[in-house]
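**Q** how would this look folded up:
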Amino acid sequence: MSEVPVLKIDNLAKRFPGVQALDSVCLQILKGEVHAVIGENGAGKSTLMKILAGAEKPDQGSIHINGQRMENFDPQSARRMGIGIIFQEFNLISHFSAAKNIALGRESHRAGWISNKTEIKAAVKWLNEIEAEVVASAPVQGLSVGQQQQIEIAKAISQDAAILIMDEPASALSADERRHLFTLIDKLRQNAITVLYVSHSLDEIFRVSDRVTVLKDGQLVFTKPIQQTNADDLITAMVGRQLDRIYPPKAQATGSTLLSVKNLSSGVKVKNVSFELKKGEILGIYGLVGAGRTELCMALFGVLSSTGEMVLNEKKVQNRHPGVAIKNKMAFLTEDRKTEGLIMGLSLRENMALPSLDKRARLGIIRHREERQEIRDSSLKLKIKTPSIENDVYYLSGGNQQKAVIGKWLLTEPSILICDEPTRGVDVGAKMEIYAHLRELADQGLSIILVSSELPEIIGMSDRILVMRKGGIACELEADGATEEKILAAGLSESAALESQVDIRPDTAGKYASIRTKLYALGNRIVQTDLVVFLTLLCLVGVGVFTSDSFLNKYNLTSIIRHAAALGIVSMGQAVVMISGGLDISVGSLVSLTTIVAALVMNGSDAMIPAAVIACLGAGLMVGLLNGFAVVKLKIVPFIATLGMMSVVHGVVLLIAKGPVGAVGKAFRLVSRGSVGPFPSAFLIIIFVFVVALLVMNKTVYGRHLSATGASAEVSRLAGIRISWITFSSYVVSALCAVLAGLYLTSRMGMGDPLVGRGFEVDSIIAVLIGGIPFGGGRGNIGGVIAGVLLLAVLGNLLNMWNLHSWYHQIVKAGILLVAISIYRKGC
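**A** Got it, this is the predicted structure:
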């Protein structure tokens with residue numbers, strides 16, 4: 001460790017609404033040291049790290065890195081100055097490979113074209129550098145938390161990071177993964193890479209750090225070498241007072257049995273679990289990763305389907321879904337408070353009131369005065385720090401968010417509270433407040449199931465302890481006689497003594513659940529590889545051949561291709577928008593406008609083709625720019641923005657023409673009706689558009705960034721991608737594709753028609769959804785979109801051949817749309 005400061009922070013301050021997050025912080029970080037930053041939730045740790053990483057801009061103060069002042073506070077500038085960050089919630093695109101994630105925002109390319117081979121080679125180099133056990137081409141979504149973290153570290157090192165910020169890096173890791181992380185940090189130290197280590201775990205701090213800085217209420221308390229302090233000093237500095245004990249005294253006695261569970265099974269994760277829960281008892285459940293702890297909680301609360309018997313208050317119950325569990329006076333504090341426990345866009349009051357709305361409603365009308373008073377009282381009791389209960393819960397610290405989740409469930413007046421990792425990511429002060437409140441609730445008669453991966457917490461808080469292994473109960477221990485060694489031995493042991501305590505009768509439910517799981521996984525793979533679309537298309541062709549002798553003749557096949565060409569062009573543009581996370585409803589009206597403008601400008605003269613094309617492209621460019629401006633700059637929801645544009649363009653079309661107008665010359669008609677050898681021009685057009693779209697999406701930086709933006713705008717922003725430009729440009733591309741489709745249709749019809757574009761907006765969305773690009777974007781396959789276009793074209797052709805009314809066309813399309821949405825919903 002050098003004595004030269006690599007990072008110097010002077011008088012740094014940052015304020016959020018109602019909160020002074022940082023207040024005149026001054027700090028020097030030495031080159032090659034591991035510097036721990038600790039403090040209670042709300043102390044300012046995360047804000048400081050976000051400023052260093054360029055994700056936030058300070059209100060005052062300066063930052064110097066290697067003597068150079070940091071002028072621009074954005075992720076790209078921070079990265080250029082040698083700062084890398086690994087957030088607690090990893091900044092990875094789940095369906096991207098490890099190599100793509102490592103290169104994101106800095107792709108190796110030549111004139112915009114990506115070399116996958118070079119990318120993978122570079123990723124292998126960086127992964128080997130940190131001895132990561134990750135295959136560079138492996139999708140992130142199939143990797144463990146530890147492996148994902150290794151990818152984050154490799155990504156940071158690949159950016160030549162001299163300073164690596166780690167925010168709660170070990171909070172979700174197994175014991176083995178933690179050991180690997182600590183070994184890796186030691187190696188980074190040896191390579192003179194500075195590590196800023198943010199954690200609530202004092203054990204981790206003393207294991208890895210050289211010096212430690214304590215923050216409290218946005219101010220720096222002290223910075224000391226780790227050898228010159230101890231746990232008591234750090235805790236006192238963080239909470240501002242001397243602490244006598246962390247865990248409150250346990251209950252002297254518990255009541256009668258409240259809940260009896262027998263042979264509970266759920267899928268392959270929970271197998272024949274039996275236990276009892278007493279009134280006023282805190283029942284601890286421990287197990288290693290994959291032991292089935294969380295799944296057991298979810299089965300008890302009705303989130304997962306289960307078999308077996310549950311007796312609550314001497315009455316058999318079956319929690320088929322969470323609503324039934326709530327009526328049965330059960331509450332579930334989930335492991336992930338940000339995605340499962342809270343709605344970040346709502347206020348503290350709205351979040352806490354949500355599960356118990358019926359209590360304060362009369363004839364469906366909520367009594368808001370009563371609600372506000374209850375939330376205020378609960379917030380004060382739980383010591384939730386917030387300027388107002390109307391503030392968004394997003395701005396609360398992690399500990400206060402966790403208290404909000406506890407408070408929301410306590411307002412339902414449960415008799416059983418299931419807590420899955422209730423103190424994960426929470427500072428020691430907030431932990432103690434949560435411990436005290438849970439014990440107080442138990443003393444008042446509330447029964448608590450406490451799931452934790454922290455052995456001291458399990459021993460310190462539980463009256464009894466169940467140890468899970470491989471989905472079953474390995475053993476039961478009285479907390480007074482439990483030790484970390486006994487609990488770990490039970491969680492790891494393969495001995496017959498422990499196995500005998502697990503009911504090993506044939507698990508029929510688990511067997512069938514396993515079969516269902518495998519079938520679902522197979523179905524999901526089929527859906528995600530677009531095989532289902534091609535199979536459906538093949539079936540439709542078979543139906544056509546079987547029901548009509550003329551289906552395969554040249555005229556009919558050419559008709560199908562000509563219809564598919566226009567829809568294919570529009571759908572490629574729609575795919576670009578939807579992959580980026582947007583939607584374009586204006587394409588149909590723009591197709592109509594293009595045919596009107598082209599036919600009027602040409603007016604039967606081939607000499608006017610260039611002028612007509614330029615006029616149409618200009619109109620399309622204007623529509624695309626306005627759509628992009630409305631979505632990106634005015635922050636209007638894409639559906640509303642493009643719906644408004646659709647109405648405007650449609651109005652302009654009707655002002656220009658009430659019916660068919662204009663004409664085209666003979667040469668222009670060849671665009672749609674000509675041929676090259678045996679191939680009709682429509683076939684060549686759709687092949688050309690498909691190949692271009694395929695290359696752009698799979699081989700270019702632009703295509704990669706489109707997909708990343710749709711998958712996670714925040715991850716893309718922190719990777720240095722200009723997400724505003726990507727989103728804006730996608731609407732321009734969509735509009736230009738609609739113009740090309742309109743020109744093709746003008747050639748095909750020989751005139752302009754104000755109604756020709758009607759239905760293209762819906763058909764293009766259906767084709768894109770069928771192709772596997774969901775609402776919300778982020779992933780998709782251009783090949784699937786083409787299959788979707790052909791499927792709609794063949795289906796329309798069959799319905800016409802069967803002489804069915806156009807009403808039936810709409811009914812069938814609506815059915816396909818509903819099926820596609822249900823299959824390809826976001827996150828499928």
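**Q** Now do the strand or helix carrying Lys381: which elements does it pack against?
**A** Remark: Lys381 resides in helix 368-382, with elements defined by DSSP states H and E. With contacts taken as 3 or more CB pairs under 8 Å, 6 or more residues apart in numbering; DSSP states H and E, helix 368-382 sits against helix 348-353, helix 398-410. Where you see a C-beta, it was placed from the backbone N, CA and C, and this is true even at glycine.
**Q** Any idea which of the ones you listed gets closest to Gly757?
**A** Of all these, it is helix 348-353 that lies closest to Gly757, at 42.3 Å by CB to CB.
**Q** mean confidence for the closest one?
**A** Model confidence over helix 348-353 averages 92 on the pLDDT scale.
**Q** Would you mark the buried spots in stretch 669-689?
**A** For stretch 669-689, burial by neighbour count (16 or more other CB atoms under 10 Å) applies to 669, 671-673, 680-686, 689.
**Q** Ser77: which of the helices and strands packed on helix 368-382 is closest?
**A** Checked against CB to CB, the stretch from those lying closest is helix 398-410, at 27.5 Å.
**Q** Show the average pLDDT along the closest one.
**A** Helix 398-410 comes out with an average pLDDT of 88.
**Q** for this structure, what helix or strand is lowest in average pLDDT?
**A** Ranked by mean pLDDT, DSSP states H and E, the helix or strand of the chain with the weakest confidence is helix 496-499, at a mean of 36.
**Q** Need the contact partners of stretch 99-115.
**A** Here stretch 99-115 makes contact (CB atoms under 8 Å, 6 or more residues apart in numbering) with 92-93, 96, 116, 118-120, 122-124, 126-127, 136-137, 140, 151, 154-155, 158-159, 699-702, 704, 708, 715-716, 719-721.
**Q** export it as PDB, just CAs?
**A** Output in PDB follows, covering the C-alpha atoms of stretch 99-115 (Å, rounded to 0.1, in the frame of the first residue of the first chain):
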ATOM      1  CA  ALA A  99     -18.500 -11.500 -22.900                       C
ATOM      2  CA  LYS A 100     -21.200  -9.100 -24.100                       C
ATOM      3  CA  ASN A 101     -21.700  -7.700 -20.600                       C
ATOM      4  CA  ILE A 102     -18.000  -7.200 -20.100                       C
ATOM      5  CA  ALA A 103     -17.700  -5.300 -23.400                       C
ATOM      6  CA  LEU A 104     -21.000  -3.400 -23.000                       C
ATOM      7  CA  GLY A 105     -20.500   0.300 -23.900                       C
ATOM      8  CA  ARG A 106     -17.000  -0.300 -25.100                       C
ATOM      9  CA  GLU A 107     -17.500  -2.900 -27.800                       C
ATOM     10  CA  SER A 108     -14.500  -3.700 -30.000                       C
ATOM     11  CA  HIS A 109     -15.700  -2.800 -33.500                       C
ATOM     12  CA  ARG A 110     -14.700  -1.600 -37.000                       C
ATOM     13  CA  ALA A 111     -17.000   1.000 -38.500                       C
ATOM     14  CA  GLY A 112     -19.700  -0.100 -36.100                       C
ATOM     15  CA  TRP A 113     -19.400  -3.800 -36.900                       C
ATOM     16  CA  ILE A 114     -18.700  -6.100 -33.900                       C
ATOM     17  CA  SER A 115     -16.200  -9.000 -34.000                       C
END
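**Q** angle of the helix holding Lys381 against helix 398-410?
**A** An angle of 130 degrees separates the directions of helix 368-382 and helix 398-410 when computed by axes from the mean of the first three to the mean of the last three CA atoms, to 10 degrees.
**Q** distance between helix 368-382 and the chain's centre?
**A** Put simply, helix 368-382 sits 32 Å off its chain's centre (CA atoms, centre = their mean, to the nearest Å).
**Q** Where do the helices of the stretch 451-600 of the chain begin and end?
**A** Counting by DSSP state H, counting those that start in this stretch, the stretch 451-600 of the chain has these helices, from start to end: 455-461, 484-492, 496-499, 508-528, 531-547, 554-579, 587-602.
**Q** deepest of those helices, which one?
**A** For the helices of the stretch 451-600 of the chain, the largest average neighbour count (mean count of other CB atoms under 10 Å) is found in helix 587-602, namely a mean of 28.
**Q** what packs against that helix?
**A** Contact partners of helix 587-602 among helices and strands, from 3+ CB pairs under 8 Å, 6+ apart: helix 554-579, helix 609-628, helix 638-656, helix 723-749, helix 760-770.
**Q** Show me what secondary structure element comes after the last one.
**A** Per DSSP H and E, the first helix or strand lying C-terminal to helix 760-770 is helix 782-801.
**Q** Give me the angle between the helix or strand just after that next one and helix 782-801.
**A** Read in the C-terminal direction, the helix or strand following helix 782-801 is helix 806-823, with elements assigned using DSSP H and E. Between the axes of helix 806-823 and helix 782-801, defined by the same axes, to 10 degrees, the angle is 150 degrees.
**Q** List just the one of the helices of the stretch 451-600 of the chain that sits closest to Arg369.
**A** Of all these, helix 455-461 comes closest under CB to CB, at 36.8 Å.
**Q** Cool, thanks, talk later.
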